[in-house]
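Q: sequence below, structure please.
(chains A and B)
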Amino acid sequence: QQQVKQSPQSLIVQKGGISIINCAYENTAFDYFPWYQQFPGKGPALLIAIRPDVSEKKEGRFTISFNKSAKQFSLHIMDSQPGDSATYFCAPNTGFQKLVFGTGTRLLVSP
Amino acid sequence: DGGITQSPKYLFRKEGQNVTLSCEQNLNHDAMYWYRQDPGQGLRLIYYSQIVNDFQKGDIAEGYSVSREKKESFPLTVTSAQKNPTAFYLCASSIDGANNQPQHFGDGTRLSIL
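A: Have a look, this model is predicted:
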């Protein structure tokens, strides 16, 4: 069975700090690596995604770093803001969009 | 505004009762999905549909049924056979189910047992 391990489970960061969330996977067939952001009572929304042919992708304050050999990818949130407080899921997949979600990381950015 | 509408927002089920959760999208997407989310866990796929009149079981389909008679609608029925139905149910859609396309989610239905 496909395994996706996400860490940490929860994270508290001060405003302006860097938040780092990691995702480790087993299935080497995965070829699309997205991160979703979910606010309480809402559905997840795509935040940023990467293909395995690049090692890093940056969009504003959000960066994905991808390590194919280690089968890991991570989300970095620079200059973290209270509005970033949410739950973040990695959801690697392949072929038809059958996403395999990590267990989630609850981020709290303190003012 | 294009998006996915799930209704109702809250739903209560009595023992032995079937309930149906509604999901409607006006994004003109071919593919639609149902997920279940339990506290502190990731999303698990119940059913998905790539095209009208076709759907496939996901990882946890037992106790659930779906239909896809119209492109914009993908209702989920939670049957009495589902012994632990209390959860947050999320519907999603994507353009055509191919890789590298984001899934767009509704705001969910929270189902509880009376």
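Q: tell me what A:Tyr36 is bridged to.
A: Bridge pairing for A:Tyr36 (DSSP bridges) gives the partners A:Leu46, A:Phe89.
Q: what's near enough to touch it?
A: With contact set as Cβ atoms under 8 Å, 6 or more residues apart in numbering or on different chains, A:Tyr36 has these partners: A:Pro44, A:Ala45, A:Leu46, A:Leu47, A:Tyr88, A:Phe89, A:Cys90, A:Ala91, A:Phe101. Where C-beta positions appear, they are placed from N, C-alpha and C, glycine not excepted.
Q: again, only using 10 Å
A: A:43-49, A:86-91, A:99, A:101-102, A:104, B:42-43, B:102-103, B:105 (Cβ atoms under 10 Å, 6 or more residues apart in numbering or on different chains).
Q: cool, and A:Cys23?
A: So A:Cys23 contacts A:4-7, A:33, A:35, A:64, A:66, A:71-75, A:88-92, A:102, A:105 (Cβ under 10 Å, 6+ apart).
Q: for chain A, what are the nearby residues on chain B?
A: Within chain B, the positions adjacent to chain A are B:3-4, B:6, B:9, B:31, B:33, B:35, B:37, B:40-45, B:48, B:50, B:56, B:58-59, B:88, B:90-92, B:94-108, B:110 by Cβ under 10 Å from any Cβ of the partner chain.
Q: re earlier: buried members of the contacts of A:Cys23 into ChimeraX, please.
A: Selection of the buried residues among those in ChimeraX, burial being defined by 16 or more other Cβ atoms under 10 Å in any protein chain shown:
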select /A:4,6,33,35,64,66,72,73,74,75,88,89,90,91,92,102,105
